[in-house]
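[1] Have a look at this fold, sequence not included:
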């Protein structure tokens, strides 16, 4: 099933997409977050409502889409997670490394990405996003909800999948990088005891608040496709189209860290809650028919529209406005 | 007024602290987020309820404190924002640089920070936190809510202040830093036109998802003090005490970027919404009576309790458990 959120007359409504062109709106009061909270119980009623409303379905193109989850608890993004990154990494962790985006950076399908000149270069990053669901509660005393999820149980925590365009400003990344002498405890402290001596370690630290979290830097949607419709999340084609030109065409098979491994690893540090979103990393393989590096698609200079499609999910498209 | 959130019998209640030792609980259904949404209208009723309940006030120490805002929209943390950092910065931005923490990392006053051995070194970072309020709506057509806030109006957006302990794992920071060859557009592209050529730029990028966002890395509270009680947020003493020993004693006068400037600057990129939290940066001056660098207080090895006090706000104290 495809579940999104739309706005009609200032009210948020759940939209069930029947296909890529028609959707049924559920009665006000129901939210996607609420459905995720108790999906097993809610699903039959949603299916009935979608069937009953099919004759009065409305065109997808005429709806005002919000992010499918307008205010997720957290949005975790996996960095440098494509096999094409490997040859460029001089050193880095063997496990998933992540950063966050705030809910205020999200933007629904069809909504305008408004860029300011001071954002510098801004490029698209097409990505598969995983939506965390409510874990089964019948696993007995070993069940810790969304914390410390064992690898074999990881996929039970997936509610569904959507599309995210992880907009990035490499200029703001450069600006917000410090080269500084970090304070570390002195290495000559006696073994087993830690003194108050310090030493300085030459360090580069980059802060992602602006370059990943600026308003409009998270187009997402149009909807969430429930996990039952995506038997293998690592057999999906991800396409990025800028102004009608296919830029990248990649497969989720090329993700270095897979969905199950990412969920299990991250849950050892951050409890994964229903409605949390994990962006799996950029699909960046240039299309065979003359694509470009996504880094060359400077939306601040070139404008939009910018589109990301994932097979089995749909197409997320956004115009761009630069004053 | 001092507003916090406590849990009684599985229900969240707003607690109004009368002083550092006694609090009045409001009826269930009221939330701190709700009060912030319409504080001008709600304040008189809250004051009346607190007065009426004063005789039945309960001891602060006996309450089960949650984060004052259990699920803020975003938590923005300003990096390296103390005058004591200046001599250690070899290069960096002249404006505030930020990272985010997820709501799931927050922990109420008195709750146990549970650390795992694989978190590596974890040290405290005592900080003043600003809570964003509902901006005045009577400024006419130039009012953009929490976006593009002019500097002279910035303080109107402050609802109040609280205390945050921005726990940090420098070991995870080192682990999650990539040294890689970033893709940039080729510099030899013709002027005014951007080709598809790329070049590689040697880059260090660190990702803060784990080292700043792990569960328990955000003790916060015990409560929010409304802005009217803090006439000057840059005249506050910040003290960090570990196992009874005063580690750091600093003043918010030493923050490089001040509250108004941070709000105005950030709002040009990220819309600041009521209930958002801005952690202003670490107070890190070692106390004259023999303090240590906070970086030497390795909670994973030494345990707790760890306390942060700010004059005019209160004391945030948390035990530490390492299995």
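    Received it, and whenever you're ready, just let me know what you need. If you're wondering where the values come from, they're calculated on a predicted model, not measured in any experiment.

[2] From now on I want contacts and neighbour counts done on CA atoms only, so please keep to that.
    Fine.

[3] Now do the SS call for the closest residue to residue A:152 other than its chain neighbours.
    The spatial neighbour of residue A:152 that comes closest, neighbours along the chain excluded (CA to CA, 6 or more residues apart in numbering or on different chains), is residue A:260 at 8.0 Å. Counting by DSSP: H, G, I helix; E, B strand; the rest coil, the backbone at residue A:260 sits in helix.

[4] Is residue A:260 in contact with residue A:154, as I believe?
    Yes. Taking CA atoms under 8 Å as the definition, residue A:260 is a contact partner of residue A:154 at 5.2 Å.

[5] sorry, back to before: for the residue nearest to residue A:152, give me the pLDDT.
    Residue A:260 is assigned 98 on the pLDDT scale.

[6] ok, now the one 5 residues further on?
    Listed pLDDT for residue A:265 reads 98.

[7] element containing it?
    helix A:259-266 (DSSP states H and E).

[8] Give the other helices and strands that the next helix or strand after that helix contacts.
    Note on helix A:259-266: by DSSP H and E, the next helix or strand toward the C-terminus is strand A:277-282. The contact analysis (3 or more CA pairs under 8 Å, 6 or more residues apart in numbering or on different chains; DSSP states H and E) places strand A:277-282 against strand A:75-78, strand A:126-132.

[9] tell me the mean pLDDT for strand A:277-282?
    97.

[10] Direction included, what does it pair against?
    Strand pairing for strand A:277-282, using DSSP bridges, gives strand A:75-78 (parallel), strand A:126-132 (antiparallel).

[11] Tell me which residues of the helix or strand that comes right after the first one come out buried.
    Meaning strand A:75-78. The helix or strand immediately downstream of strand A:75-78 is strand A:89-91, counting by DSSP H and E. The neighbour-count check on strand A:89-91 (16 or more other CA atoms under 10 Å in any protein chain shown) flags residue A:89 as buried.

[12] Run me through the strand neighbours of whichever helix or strand comes after strand A:89-91, direction for each.
    Downstream of strand A:89-91, the first helix or strand assigned by DSSP H and E is strand A:98-101. Taking DSSP bridges as the criterion, strand A:98-101 forms sheet pairs with strand A:75-78 (antiparallel).

[13] contacts for the strand it pairs with?
    For strand A:75-78, contacts defined as CA atoms under 8 Å, 6 or more residues apart in numbering or on different chains pick out A:96-103, A:276-281, B:209.

[14] Run through the bridge partners of the residue nearest the centre of chain A.
    In chain A, the centroid-proximal residue (CA atoms, centre = their mean) is residue A:279; its distance is 3.1 Å. Note on residue A:279: beta-bridge partners by DSSP bridges are residue A:77, residue A:129.

[15] got a list of what it touches?
    A:75-78, A:127-130, A:164 are the contacts of residue A:279 under CA under 8 Å, 6+ apart.

[16] would residue A:172 count as being in a strand?
    No. With three-state DSSP as the criterion, residue A:172 is helix rather than part of a strand.

[17] how close does residue A:136 get to residue A:130?
    Going from residue A:136 to residue A:130 by CA to CA, to the nearest Å gives 17 Å.

[18] Give me the more crowded residue out of the two.
    Ranked by neighbour count (other CA atoms under 10 Å in any protein chain shown), residue A:136 and residue A:130 place residue A:130 first, with 28 against 13.

[19] just checking, the more buried one touches residue A:157?
    No. If you go by CA under 8 Å, residue A:130 and residue A:157 don't touch, sitting 9.8 Å apart.

[20] What's the local residue count around the residue nearest to residue A:152?
    19.

[21] what does residue A:286 give?
    Neighbours of residue A:286 using other CA under 10 Å come to 18.

[22] Beta-bridge partners for it, please?
    Beta-bridge partners, per DSSP bridges, of residue A:286: residue A:248.

[23] correct me, but it touches residue A:248?
    Yes. Counting by CA under 8 Å, residue A:248 is a contact partner of residue A:286 at 4.3 Å.

[24] which residues do these two both contact?
    Looking at what touches both residue A:286 and residue A:248 (by CA under 8 Å, 6+ apart), the common residues are A:292-293.

[25] Show me which positions of the longest helix anywhere in chain A end up buried.
    When chain A is parsed with DSSP state H, its longest helix is helix A:39-52. Under the neighbour-count criterion of 16+ other CA under 10 Å, helix A:39-52 has A:39, A:46, A:49-50 buried.

[26] try stretch A:232-240
    Applying 16+ other CA under 10 Å to stretch A:232-240 flags A:233, A:236-240 as buried.

[27] End to end on it, go ahead and measure it.
    21 Å.

[28] and if you look at stretch A:77-88?
    Stretch A:77-88: ends 19 Å apart by CA to CA.

[29] burial of the nearest residue to residue A:61 once chain neighbours are set aside, as a residue count?
    Closest residue in space to residue A:61, ignoring its immediate chain neighbours: residue A:21 at 7.0 Å, by CA to CA, 6+ apart. For residue A:21, the count of nearby residues is 12 (other CA under 10 Å).
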